[in-house]
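> here is the input, now give the coordinates:
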Amino acid sequence: MTLFAGQTALVTGASRGIGRATALRLATEGAHVIAHFGSSQEAAESLAAEVRREGGRVDLVRSDLSKPDAAQDLAAHVRRLGIEQLDILVSNAAVASVRTLEAQSLEEFERHYAINVRTPYFLVQQCLPFLGEGSRVIFVSSTTARSAPVGASLYASTKGAINTLVRCLATELGPRGIRVNAVAPGAIETDMASFLKIEAARQAVITEQALKRVGQPGDVADAIVVLASSESRWMTGQVVEVSGGTRL
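Numbering: from 1, shown residues only. Sure thing, here's the model as predicted:
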C-alpha cells in the first residue's frame, strides 16, 4: 500500500463496475478514496466495508449527477471532508442506452449529456481549488466513440465529447502541472452492459476482439492505476483504449 500513500482520490460512480474496481485498487495502493455514488447505497456501503477490511481509508459521498448543480454539490462534499489537495480525480459515472435514432427522446438526450459530459466538465472546474502540481484527472471514455456501433449514437457522441475534452483540458491545465488522460474501454462485464447476459451478443463481442474474452472491470481499473501513477508522468491529453483490441 505505497503507490498512492498519502494521496487522495475522488472516484465517481464508485459503487459498481469499473468505478468500484478502481476505488478498490486505489485504496489498496494506499490512497484515501472518496467514493461517489448516486442511488446504490447498499453497493456503496459494501465497497466501503471491503476497503476498510483491507486496512484502507474511504469516505462515501452521494450526489445525483443529473442535476445542474451536481458538480458544485460534489465539490462541496469534498470540502466538508477537509480535503485540501485532490491528487487523483477519476470521472467514471455515466449512463448508456442502446436505441436507434427514431427511438431516442429529448429527455434521454439531456440525461446523457448531463451525466456523461456536463457534470464531468464542471466537476473538474469545481475541483480546481483542490487540484495542483502533480494532480491527475482521468476520464472514462469508450471505444464506441471510434467504432460507432448501431444504436449507440447518443452514448457514443457523449464519449466523443469526452475525448475532445481530454485534449483541451490537458492543454489548459498542463501549465499548472495537472495531467489529463482517459481510458476507453470496450465491452466490459458490468451492470451497464446488460446485453452481455445474452449469449449471442457475448459471442459477437468476443469475435470483434483480438483477445478472445469479455473484459472485466479490473482490466480497466489497472489501466487507470497506471495513468494515475508516476509511471505515466509524461503522458497527458491521451485516450488509451483498454478493449482487448476491439474492432481493430
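
> can I get stretch 105-120 in CSV, CA atoms only?
Extracted as CSV, the C-alpha positions of stretch 105-120 are listed here (Å, rounded to 0.1, in the frame of the first residue of the first chain):
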residue,chain,number,x,y,z
SER,A,105,-36.1,11.2,-26.9
LEU,A,106,-35.2,14.7,-25.8
GLU,A,107,-35.3,13.5,-22.2
GLU,A,108,-32.7,10.8,-22.8
PHE,A,109,-30.5,13.2,-24.8
GLU,A,110,-30.5,15.7,-21.9
ARG,A,111,-29.9,13.0,-19.3
HIS,A,112,-26.9,11.5,-21.2
TYR,A,113,-25.3,14.9,-21.8
ALA,A,114,-25.9,16.0,-18.2
ILE,A,115,-24.3,12.9,-16.6
ASN,A,116,-21.7,12.0,-19.2
VAL,A,117,-20.5,15.5,-20.2
ARG,A,118,-21.8,18.4,-18.3
THR,A,119,-21.1,17.2,-14.8
PRO,A,120,-17.6,15.8,-15.6
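
> would you mark the buried spots in it?
Judged by neighbour count using 16 or more other Cβ atoms under 10 Å, the buried positions of stretch 105-120 are 112-120. Backbone N, C-alpha and C define where each C-beta goes, glycine included.

> tell me the one of the residues you listed nearest G55?
The closest of the buried residues of stretch 105-120 to G55 turns out to be P120 (Cβ to Cβ; 30.6 Å).

> secondary structure class of the closest one, three-state.
Following DSSP: H, G, I helix; E, B strand; the rest coil, we place P120 in the helix state.

> swap in the one 5 residues further on?
Classification of Q125 by three-state DSSP places it in helix.

> quick revisit: what's the closest of the buried residues of stretch 105-120 to R146?
Out of the buried residues of stretch 105-120, the member with the shortest distance to R146 (by Cβ to Cβ) is N116, at 16.2 Å.

> tell me how far the closest one lies from L123.
Going from N116 to L123 by Cβ to Cβ, to the nearest Å gives 12 Å.

> got the contact list for the most centrally placed residue in the chain?
Centre of the chain computed as the mean C-alpha position; nearest residue by Cα atoms, centre = their mean is N92, 1.8 Å away. Shown in contact with N92 (Cβ atoms under 8 Å, 6 or more residues apart in numbering): 11-14, 18-19, 22, 140.

> farthest-separated two in those?
So, the contacts of N92 by Cβ to Cβ: farthest apart are A14 and V140, at 11.6 Å.

> looking at the two, which one has more neighbours?
It is A14, of A14 and V140, that has more neighbours when counted by other Cβ atoms under 10 Å, with 34 against 28.

> could you find the closest non-adjacent residue to the more buried one?
Residue nearest to A14 in three dimensions, not counting chain neighbours: A35, with 3.7 Å by Cβ to Cβ, 6 or more residues apart in numbering.

> go ahead and confirm that neighbour touches L47.
Yes - if you go by Cβ atoms under 8 Å, A35 and L47 touch, sitting 6.0 Å apart.

> overlap in contacts of these two?
By Cβ under 8 Å, 6+ apart, the residues touching both A35 and L47 are 14-15, 23, 58, 60.

> take these and keep only those in helices.
When the shared contacts of A35 and L47 are checked against helices (DSSP state H), the matches are A23.

> by mean pLDDT, flag the weakest helix or strand of this structure.
Least confident element among the helices and strands of the chain, by mean pLDDT, DSSP states H and E: helix 199-207 (a mean of 84).

> which residues sit against that helix?
Against helix 199-207 from outside (Cβ under 8 Å, 6+ apart): 186-187, 195-196, 212-214.

> quick check: closest non-adjacent residue to T8.
H32 (4.7 Å).

> surely A96 is in a strand?
No - counting by three-state DSSP, A96 is not found in a strand; it is coil.
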